[in-house]
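Peer 1: using only what follows, build the 3D model:
(2 chains)
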Amino acid sequence: MSDTASPSVPGSANFPPFRYSARLAADIESRWQDKWDADGTYEAPNPAGPLADPAKVAGREKLFVLDMFPYPSGAGLHVGHPLGYIGTDVYARFNRMKGFNVLHALGYDSFGLPAEQHAITTGIHPRVNTESNIANMRRQLRRLGLGHDPRRSISTTDENFYKWTQWIFLQIHGAWYDTAQGKARRIEELVTEFESGARPTPDGRAWSALTAGERHDIVDSYRLAYLSDAPVNWCPGLGTILANEEVTAEGRSDIGNYPVFKRNMKQWMMRITAYSDRLIDDLERLDWPEPIKMMQRNWIGRSEGARVTFGSPAGGIEVFTTRPDTLFGATFLVLSPEHPLVDALTTADARAAVAAYQAEAAAKADNERQDDSKKKTGVFTGSTATNPVTGGEVPIYIADYVLMGYGTGAIMAVPSGDQRDFEFARAYNLPIKATAMPTNAWFDQQKIAPSSDCSTWPCAFTGDGEYIDSANDSLSLNGLTSISDAKTRMNEWLESHGHGQPTITYRLRDWLFSRQRYWGEPFPIVYDADGRAHAVPQQSLPVLLPELADFKPTALDPEDAVSDPIPPLARVKEWTTVTLDLGNGPQEYRREVNVMPQWAGSCWYEMRYLDPTNTDTFIDPEVEKYWMGPRSAGHTGGADLYVGGVEHAVLHLLYSRFWHKVLFDLGHVSSEEPFHRLYNQGYIQAYAFRDARGQTVPAAEVVENDGAFTWNNETVSREYGKMGKSLKNIVTPDEMYDEFGADTFRLYEMAMGPLDASRPWNTRDVIGMQRFLQRLWRNVVNEDTGELVVTNDAAPEALLRHLHRTIAGVESDMVGLRFNTVIAKLIEFNNALTQHVNSAGSTPRSLIEPVVQMLSPLCPHLAEELWARLGHNTTVTYVPFPVADPALLVEDTIEVPVQVNGKVRGRITIAPGADEAAHLEAAMAIDNVAVALEGKTIVKNVVIPGRTVNIVVK
RNA sequence: GCCCGAGUGGCGGAAUGGCAGACGCGACGGACUCAAAAUCCGUUAUUCGAAAGGAUGUGUGGGUUCAAGUCCCACCUCGGGCACCA
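Peer 2: This is a model prediction of the structure:
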């Protein structure tokens, strides 16, 4: 480009010296960015603590605007990344002009697997890598002109940050969930209950009669952060275990797509299940997109049912069912192959078959079990159990379609009413007994004659029907038609006869919280000589991550399901062993060598923005209350707006809600939820192109001709999807800055479509936004001389009205985050203004100043520059947003469409307040309407004054 | 299989049940220019018509209504979530 002599290039001979070009934009932008930094323009005052400035806080409403913070990967940003950041920036800037004290900041989620995986592939220490990545992202984002308070930026890898991550871990570790009060309480209060005898010990002995070790173990079993030796998701490819949320439906790792195996390991868990109900119920009080709420509800998976105990030779077998009302139809039991009673139930005859089946099931990964979903397999244990309502003996099977991890790991099979049980019963010739009479419609559909004899049925009947054959001496459901009535009666009977009770089961599992990696927060935990865990005293925080030359985990074969992981920290002898005085004199302890998962820092980072430099506490309560406290009774509190992608629906967004609730219960925060309003921005997608061999070719070099695409004269095929290095379709913000400038880039991203919709990137379209800014610029500055073309001349009435209509529309669209229509309205007005300027030769100040103000949230640099050129010497950032004059919103005349039988035949121009008769009279006067009415009879006249006239004829 | 969300010009997208296609891109025509680029002005859903004007038109088929892109029912396609969860 630079070698052409074209006058269209800035700096060339004929190019207007003061045209708003990329070069001029770059100059304007860097000048204002420096000034904002120097002036601290976006610093938000706190009511208390180190960043306090009470005078500036007084008399202003607050607004906490938040983005999902990025993890600083080495690839840098592409144009898709800043979409949400620009959106929040526009919203934040708009609200600053509306008088709010706006807090907007951005930090970095710099611990975790992605950073560490990247470090391993490059061989550079994650800290070095992370810091240079952060520096690069900061540079790219600064160039965008985001109005962040730079004092409040944090990195989760900073010692001063993760000190408090560890502190919060200790709060959770130091708490237990009191189900009676429905909240977490301090562990000391639990000990008090044990000491006083108010709470009995597990085996009934007096608390004082227990050894110190026994007491320690009992208390540990109550903690919200606890050690568990249970089946975990082991991913040898990553060298670590993973949370359920990090494993895909295919049984592979979310990151890297490595196989994941179930195996037992001793690991830290977070008792998130204690909060299942509150996590579901409080969704009602959040302003979140319904799909996200749905995903969280599904993930927690609350289902109401009953536990029913069946007698057996090995004792009571407890099953969970959502349909206790079908108990009369339970004709066999199925246990998970891992169920603890299987051994005791297996008879000598069945032993070999059972053992073989168990071994086969154990060898399968979860996903393989699910792959065989069509075929039902299982083995008879040789024993039978007693159905508590019928007293009949039912055979006990094991089958791998029953999962140990859900409910009780045992089910009662009702083949007449459950398709899986039906298939199993047919496969193993087990009895099928109907407890509900199917409808005639169902029989018709199955093409069989109505009969309660299930032998003729081709499948289970899962609908509602009248209860039959459901009675014993003390209970009858026969004749009932309501499932809920039948459930209630059955539950009452079960409870009064001691055979079971209503219960609620959740799909949600406790959160597996340790990782066998290096790049994470060390646990503030040490072990004594007996292997019991102790909290590191608060004054010893942070527990620093030791600098390791070799930070790589021991390399393992991704398919190796049996080798034990060796966390990198275990290799640092001088770090793992520590002498501490935990109350009984200096002793030697062994440090926990696992680290916390990626999600730990993101569970609370938003609060540290509020009080980033506080060294006494993670956040001053007064500061928390100001920015995040409930706005009214029943309000959850939390950030006022949280914008991010949908991908964190059940990971970050669930974990952080859980931590926040624990902190709330313990009295550390006044808000019940971290994020009151959530908004999911869409993704910027891109086209990728492949040649005949299927190789991607550089998208920027592809030429379109009449719908066909060629690259180097070779036909290529187009596909639509993500932007990615391997797809050779990355467009970077830096390219946009060079070609158009940051303001044009920001404007384009906001104009492409609604913020919550995904849309394809088209560099070709960006020019339209640049043209708009150029036209706007010309309405203020003469391109050739640089002189102001603005005068104090009176504005034409029509344009003034148009301006105020625009102000009103822009205002409501800004509030609703509809920035695309904000931009359309501004362009529309500016186009009208341009026509006037072209004929009048100058721009009325009263018309252009409000436009500059309205533009400033979207294009802050250009707006500052124009505002300054218009003669103002303060930043436009805090200038009040224009207010529409209601008098100017009322039009002298309006145009109303006239329809005949719903078809528009003409328009009338009429005063806004005109009555129905006036509308009708004007409508009838239109020639075209008269023609349409000719020879017809008027049946009805519909007149909505100011809206429409519809004449209905026959 | 179950549960969400979405289908509007050549493209991105606008439309409190009341003039479908705002705004932008592209395309076409014009001005400026020796010429081109850039910029500016105009046209641009399809179709019949010289024009005035008419007909058709928001995935498909029905329905409600004076009036439907918008509300209801069924279906099709695409995107997403969950999935042997008892």
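
Peer 1: show me the domain layout of chain A.
Peer 2: Taking automatic domain parsing as the reference, chain A has its domains at A:1-35+A:740-889, A:36-152+A:600-651+A:668-680, A:175-210, A:303-504, A:684-721, A:891-953.

Peer 1: got the end-to-end distance for the fourth one?
Peer 2: Put plainly, it is domain A:303-504. 6 Å (C-alpha to C-alpha, to the nearest Å).

Peer 1: does it reach RNA strand B?
Peer 2: Yes: Domain A:303-504 lies within reach of RNA strand B by C-beta under 7 Å from any atom of the strand, at A:303, A:305, A:320-323, A:336, A:369-370, A:372-373, A:376, A:400-403, A:405-407, A:409, A:411-412, A:418, A:420. C-beta: built from backbone N, CA, C; applies to glycine.

Peer 1: just give me how far that domain sits from the chain centre.
Peer 2: Put simply, domain A:303-504 sits 37 Å off its chain's centre (C-alpha atoms, centre = their mean, to the nearest Å).

Peer 1: whatever residue of the stretch 151-300 of chain A ends up closest to RNA strand B is in what secondary structure piece?
Peer 2: Closest residue of the stretch 151-300 of chain A to RNA strand B, C-beta to the nearest atom of the strand: A:P291 (3.8 Å). According to DSSP states H and E, A:P291 maps onto helix A:290-300.

Peer 1: any idea which helix or strand comes after that helix?
Peer 2: Counting by DSSP H and E, what follows helix A:290-300 is strand A:302-310.

Peer 1: same for the helix or strand just after that following strand, what does it pack against?
Peer 2: Sequence order places strand A:317-321 as the next helix or strand after strand A:302-310, per DSSP H and E. Packing partners of strand A:317-321 (3 or more C-beta pairs under 8 Å, 6 or more residues apart in numbering; DSSP states H and E): strand A:302-310, strand A:332-335, strand A:410-413, strand A:500-506.

Peer 1: residues contacting the second one, please?
Peer 2: Okay, so that is strand A:332-335. Contacts to strand A:332-335, defined as C-beta atoms under 8 Å, 6 or more residues apart in numbering, come from residues A:310, A:317, A:319, A:341-342, A:345, A:378, A:381, A:385, A:394-399, A:401-402, A:409-413, A:421, A:424-425, A:430-431.

Peer 1: again, only using 7 Å
Peer 2: A:310, A:317, A:319, A:341-342, A:378, A:385, A:394-399, A:402, A:409-413, A:430 (C-beta atoms under 7 Å, 6 or more residues apart in numbering).

Peer 1: so which helix or strand takes in the closest residue to RNA strand B within chain A?
Peer 2: Residue nearest to RNA strand B within chain A (C-beta to the nearest atom of the strand): A:G768, separated by 2.3 Å. Using DSSP H and E, A:G768 sits within helix A:767-778.

Peer 1: which neighbouring elements make contact with that helix?
Peer 2: If you count contacts as 3 or more C-beta pairs under 7 Å, 6 or more residues apart in numbering; DSSP states H and E, helix A:767-778 packs onto helix A:742-751, helix A:819-840.

Peer 1: can you do 8 Å?
Peer 2: helix A:742-751, helix A:819-840, helix A:860-869.

Peer 1: and the next helix or strand past the least confident helix or strand in chain A by mean pLDDT?
Peer 2: Least confident helix or strand of chain A, by mean pLDDT, DSSP states H and E, is helix A:366-371 with a mean of 54. Next helix or strand after helix A:366-371 toward the C-terminus (DSSP H and E): strand A:379-386.

Peer 1: give me the angle between that following strand and strand A:302-310.
Peer 2: Interaxial angle, strand A:379-386 versus strand A:302-310 (axes from the mean of the first three to the mean of the last three C-alpha atoms, to 10 degrees): 80 degrees.
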